[in-house]
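J.: Attaching a predicted model along with its sequence, questions to come.
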Amino acid sequence: MNNNFGELNQIDTERQLSIEEHNKLRQSAQYKEQETRSKRLTHDAIQALQICWLMSTRSQELSDNWLTFRFIDELIYSLIAISIQINEGLHNPARREMRYLLESAVKHYYVDNALSLPNAKFDERMKILGNPHLVPRSSVSFAPELKIFAFEEDTGNEFSNEITGLYSDLCKYVHRSKEQIDIYLNLIEKGVHPGFESIDEYRKINQEYARVCDIILTMNFASLGVGQCGDVLVYNFDNDGKWAYHKTKYMKQLSAYFDYKAERSQK
C-alpha cells in the first residue's frame with residue numbers, strides 16, 4: 001500500500017512539473033506568436049464571412065436562397081469552436097470540427113454553383129443537398145466538379161485536390177482506426193500529451209486551420225459573383241494590410257484576378 005502511495009505521489013509531482021513547464025512555454029514569444037496567429041485567423045475569417053453575407057443582401061436571390069449565404073452563421077459558430085479548442089490544446093477535437101466546417105462549405109458551394117439553376121429557391125436547393133445520389137454523405141468526391149471563376153485549369157485542379165487531400169487528412173481524426181491510434185501513440189512517444197502541445201504542434205494545426213479557412217473563404221467570395229467579389233476585395237481588404245488571408249494560397253490568387261481594376265493599380 002505504501003508503495004502505491006509513493007507511486008501516486010511521484011506521478012502527481014511529475015504532473016505538477018509538467019504543468020509548470022508548459023505554463024512557462026505558454027508565456028514564451030514563440031508560443032504567443034502562434035496564439036496570436038490562431039486568433040487572427042479566426043477574427044479575419046469571421047469578418048470576411050460577415051462582409052460576404054452583407055454583400056449577398058444586395059440580391060434577395062443570393063441572401064434568401066443560396067445555401068452558401070443562408071448558413072454563414074453556422075460556419076462562424078464552427079470557427080469560434082475551432083479557435084477555442086486550438087487555444088486550449090484540444091487539437092484533435094478541433095480537427096474534427098474543421099472537417100465538418102470544410103465539408104459543409106464545400107457542399108453548400110457545390111449545390112449552389114454546380115447543381116442548382118441560378119434562380120432555384122431555397123427549398124429546391126435543400127432537396128438537392130438531401131439527395132445522396134447527387135450529394136454523397138461523408139464525402140467530397142465531387143470536388144473536381146467545383147469551379148472558381150478566377151482560376152485557370154491548373155489552379156482549379158490544385159484547388160480540388162487541396163479539398164480532397166485536406167478532407168482525407170482530417171477524416172483520420174473522426175473515425176476510430178488503427179491509423180488514428182498510431183498518430184496518438186507517436187505523439188505520446190515524442191512527449192506531446194493532450195493539453196501539453198509543443199510549439200511545433202501549435203504551428204502545425206494553425207497551418208491546417210489556415211488551409212481550411214482559405215478554402216471556405218475562396219468559395220464564399222466566389223459565390224458573390226465577379227462584380228461583388230472584386231468590390232469586396234478591392235474596397236474592403238486592400239486597405240487592411242494585416243488581413244490574414246492576403247497571403248494564403250487561394251485567396252491570394254482570387255484577389256490577383258482583380259489586379260486589372262483601376263482603383264487597385266492607382267494605389
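T.: Received, thanks. Just so you know, these numbers come straight off a predicted model, no measurement behind them.

J.: low-confidence ranges in the stretch 101-250 of the chain?
T.: 191-192 (pLDDT under 70).

J.: burial measure for residue 172, as a count.
T.: Residues within reach of residue 172, counting by other CB atoms under 10 Å, total 15. C-betas here are computed from N, CA, C, even on glycine.

J.: ok now do it, which residues does it touch?
T.: Residues in contact with residue 172 (CB atoms under 8 Å, 6 or more residues apart in numbering) are 179, 180, 183.

J.: at 10 Å instead, please
T.: Residues near residue 172 by CB atoms under 10 Å, 6 or more residues apart in numbering: 92, 95, 99, 179, 180, 182, 183.

J.: Got a quick ChimeraX command for the buried subset of these?
T.: This is how ChimeraX selects the buried members of those, with burial counted by 16 or more other CB atoms under 10 Å:
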select :92,95,99
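
J.: just the contacts of residue 172 now: which is nearest residue 263?
T.: residue 99 (38.1 Å; CB to CB).

J.: where do the helices sit along the stretch 1-150 of the chain?
T.: 2-26, 29-56, 60-65, 67-70, 72-87, 91-110, 122-129 (DSSP state H, counting those that start in this stretch).

J.: Could you identify which of those helices is most buried?
T.: Among the helices of the stretch 1-150 of the chain, helix 67-70 has the highest mean neighbour count (mean count of other CB atoms under 10 Å), at a mean of 23.

J.: who's in contact with that helix?
T.: Applying CB under 10 Å, 6+ apart, the external contacts of helix 67-70 come out as 49, 52-57, 59, 61-64, 75, 104-105, 107-113, 116, 122, 125-126, 128-129, 216, 219-220, 222-224.

J.: With stretch 116-134 instead?
T.: With CB under 10 Å, 6+ apart as the criterion, stretch 116-134 contacts 61-62, 64-68, 70, 107-108, 110-112, 114-115, 135, 137-139, 142.

J.: Output it as CSV, restricted to C-alpha atoms.
T.: The C-alpha trace of stretch 116-134 is given here as CSV (Å, rounded to 0.1, in the frame of the first residue of the first chain):
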residue,chain,number,x,y,z
SER,A,116,-28.8,24.4,-59.0
LEU,A,117,-30.3,26.7,-61.5
PRO,A,118,-29.3,30.4,-60.7
ASN,A,119,-32.9,31.2,-59.7
ALA,A,120,-33.6,28.0,-57.7
LYS,A,121,-35.3,28.6,-54.4
PHE,A,122,-34.0,27.6,-51.0
ASP,A,123,-36.3,24.6,-50.7
GLU,A,124,-35.1,23.2,-54.1
ARG,A,125,-31.5,23.6,-53.0
MET,A,126,-32.2,21.8,-49.8
LYS,A,127,-33.8,18.9,-51.6
ILE,A,128,-30.7,18.6,-53.8
LEU,A,129,-28.5,18.7,-50.7
GLY,A,130,-30.5,15.9,-49.1
ASN,A,131,-30.3,13.7,-52.2
PRO,A,132,-27.4,11.2,-51.5
HIS,A,133,-27.3,10.4,-55.3
LEU,A,134,-26.4,14.0,-56.0
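
J.: if we can go back for a sec, distance to residue 236 for the helices of the stretch 1-150 of the chain - can I get that in TSV?
T.: Formatted as TSV, these follow (distance: least, CB to CB, whole Å):
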stretch	distance to residue 236
helix 2-26	34
helix 29-56	6
helix 60-65	17
helix 67-70	17
helix 72-87	16
helix 91-110	20
helix 122-129	27
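
J.: The ones you listed: which one's closest to residue 260?
T.: Of all these, helix 29-56 sits nearest to residue 260, with 20.2 Å by CB to CB.

J.: send the alpha carbons of stretch 46-58 over as CSV?
T.: Extracted C-alpha coordinates of stretch 46-58, given in CSV (Å, rounded to 0.1, in the frame of the first residue of the first chain):
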residue,chain,number,x,y,z
ILE,A,46,-15.4,35.8,-39.4
GLN,A,47,-15.0,39.4,-40.6
ALA,A,48,-14.8,38.2,-44.2
LEU,A,49,-17.8,35.9,-43.9
GLN,A,50,-19.9,38.7,-42.3
ILE,A,51,-19.0,41.0,-45.2
CYS,A,52,-19.9,38.3,-47.7
TRP,A,53,-23.3,37.9,-46.1
LEU,A,54,-23.8,41.7,-46.1
MET,A,55,-22.9,41.9,-49.8
SER,A,56,-25.3,39.0,-50.5
THR,A,57,-28.2,41.0,-49.2
ARG,A,58,-27.9,43.3,-52.2
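
J.: That concludes my questions; thank you for your assistance.
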